[in-house]
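[1] what's the 3D shape of this:
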Amino acid sequence: MSLDTTEDKIDVREGIVHSAIPADELARLSDDVISALKTVYDPEIPADIFELGLIYKIDIEDDRMVKIAMTLTAPGCPVAGEMPGWVENAVSAVEGVSGVEVSMTFDPPWTPDRMSEEAQVAVGWY
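    Numbers count the residues shown, from 1 in each chain. Modelled structure (predicted):
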């Protein structure tokens, strides 16, 4: 029995994003960005936007620019024009962040199942 050593090896690290930011600083930045997001509330729901599941993606780039993809509970939300500015202001205040870019998406649409248990308790659904 022979082993075929010409087989392609799978690199388990493929798809992992490597950062020039030291791991401990990246962890602190991530925690601080999430903490900042938790200070922004949907005015119609007594829960913060992070726990509501309105934040779809947070990218912290090597230059410490933070890019956030988020949604709203509904496309016709009365604060649709203001919410991205609130998010940008909150995250811009985090020490070490060089800038913030907030993009809105409605794909996939938000549904209440994106809410954390904390948010469900806050709105009385748990």
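[2] Just give me how far the longest helix along the chain sits from the chain centre.
    Ranked by number of residues, the top helix in the chain under DSSP state H is helix 23-37. Relative to the mean C-alpha coordinate of its chain, helix 23-37 is positioned 11 Å out (C-alpha atoms, centre = their mean, to the nearest Å).
[3] who does that helix touch, helix- and strand-wise?
    With contacts taken as 3 or more C-beta pairs under 8 Å, 6 or more residues apart in numbering; DSSP states H and E, helix 23-37 sits against helix 49-52, strand 55-60, strand 65-70, helix 83-92. All C-beta spots, glycine's among them, are computed from the backbone N, C-alpha and C.
[4] could you say what helices and strands the lowest-mean-pLDDT helix or strand in the chain packs with?
    Least confident helix or strand of the chain, by mean pLDDT, DSSP states H and E, is helix 117-122 with a mean of 90. Where contact means 3+ C-beta pairs under 8 Å, 6+ apart, helix 117-122 is packed against helix 49-52.
[5] Give me the contacts around the helix it packs on.
    Contacting residues not belonging to helix 49-52 are listed as 34, 37-38, 40-42, 45, 55, 70, 73, 83, 87, 110, 114-116, 118-119, 122 [C-beta atoms under 8 Å, 6 or more residues apart in numbering].
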